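[1] need the 3D shape of this:
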Amino acid sequence: MNPLIPTALDGTLMIVSLVALFLALAAFISLIRSASPSGWWLLAWTLVVLLIPFIGPAAWFTVQHRKQSFALKHHSDSA
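    Prediction:
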């Protein structure tokens with residue numbers, strides 16, 4: 001076995017790492033563009049998104065989706 005040729009496991013780990021990186025970057029950009037978190041909340045969400053792969057970004061996107069759904073429902077009820 002040649003150590004210079006990547007194995008299937010190397011390829012799989014590379015793909016998983018790239019997906020985790022993409023999710024973290026997308027969540028971080030969404031976090032920065034969001035108007036809601038500021039101060040300590042921004043720092044806390046940033047740490048969660050960057051330090052907990054897959055779960056951190058998924059949690060951020062879930063919270064954002066629920067906030068937007070609530071805001072749309074609340075806005076349509078008052079109109």
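[2] burial check on the closest residue in space to residue 52 that isn't next to it in sequence, number of neighbours?
    Nearest residue to residue 52 in three dimensions, chain neighbours excluded: residue 59, at 7.9 Å (CB to CB, 6 or more residues apart in numbering). From N, CA and C alone the C-beta is placed, and that goes for glycine too. Residues lying near residue 59 (other CB atoms under 10 Å) number 15.
[3] also residue 56?
    Applying other CB under 10 Å, I find that residue 56 has 21 neighbouring residues.
[4] state the mean pLDDT of the helix or strand hosting it.
    Per DSSP states H and E, residue 56 falls inside helix 55-78. In this model, helix 55-78 carries a mean pLDDT of 78.
[5] before we move on, what about stretch 15-35?
    For stretch 15-35, mean pLDDT rounds to 92.
[6] find the nearest non-adjacent residue to the residue nearest the centre of the chain, please.
    Residue closest to the average C-alpha location in the chain (CA atoms, centre = their mean): residue 57, at 2.1 Å. Excluding its sequence neighbours, the residue lying closest to residue 57 (CB to CB, 6+ apart) is residue 27, at 3.6 Å.
[7] and for residue 14?
    residue 6 (7.9 Å).
[8] do you know how far that neighbour is from residue 25?
    24 Å (CB to CB, to the nearest Å).
[9] what is the host helix or strand of residue 30 packed up against?
    With elements taken from DSSP H and E, the one containing residue 30 is helix 8-33. Secondary-structure packing of helix 8-33 (3 or more CB pairs under 8 Å, 6 or more residues apart in numbering; DSSP states H and E): helix 40-51, helix 55-78.
[10] deepest of the ones you listed, which one?
    Neighbour counts (mean count of other CB atoms under 10 Å) averaged over each of these peak at helix 40-51, with a mean of 14.
[11] show me what that helix is packed up against.
    Helix 40-51 packs on helix 8-33, helix 55-78, going by 3+ CB pairs under 8 Å, 6+ apart.
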